[in-house]
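S.K.: need a structure here:
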Amino acid sequence: LLLQQVLQDVADDFVENVVAFACQLAAHRGSRTLETKDVQLALEKLWDMRLPGIGDSSAELRIVQRRPQAFSDAYKQRLNLVRKSQARAQ
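M.R.: Residues are numbered from 1 along each chain as shown. Model (predicted):
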């Protein structure tokens, strides 16, 4: 019962913070109406959360691609040493 109350309080705080910030964003753009894009931007800025498919038009969809990591020379040297030591142990 205590855990349920704690989780409910956390959820309430989350919703209150997101909605309050979204309302500030709507007011900033000169609107008296809260729109989906306001909530989306609030979630992105406050919590680094992106909810694809919610309020997105096909033109607004973003494709996120990961770039291959560029390893430093020091990392490559350490990796080679580890591989050599593993080869010797076998």
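S.K.: tell me the phi and psi of Pro52?
M.R.: The phi/psi pair for Pro52 (degrees, to the nearest 10) reads phi -70, psi 140.
S.K.: and it, how close does it get to Val15?
M.R.: According to C-beta to C-beta, to the nearest Å, Pro52 stands 20 Å off from Val15. Placement of C-beta: from N, CA and C, glycine included.
S.K.: and Thr36, by the same measure?
M.R.: Taking C-beta to C-beta, one finds Thr36 at 15 Å from Val15.
S.K.: do Phe21 as well
M.R.: Phe21 sits 11 Å away from Val15, going by C-beta to C-beta.
S.K.: equivalent analysis for Gln90, please.
M.R.: 56 Å.
S.K.: the two: which has the busier surroundings?
M.R.: Val15 (10 against 4; other C-beta atoms under 10 Å).
S.K.: list the contacts of the more buried one.
M.R.: Not one residue lies near Val15 by C-beta atoms under 8 Å, 6 or more residues apart in numbering.
S.K.: remind me which helix or strand it belongs to.
M.R.: Secondary structure assignment for Val15, by DSSP states H and E: helix 2-28.
S.K.: for that helix, buried residues please.
M.R.: Val18, Phe21, Ala22, Cys23, Leu25, Ala26 (16 or more other C-beta atoms under 10 Å).
S.K.: show me the shaky parts of the chain.
M.R.: Low-confidence segments of the chain, defined by pLDDT under 70: 54-69.
S.K.: repeat that for 80
M.R.: Counting by pLDDT under 80, the chain shows low-confidence ranges at 52-72, 90.
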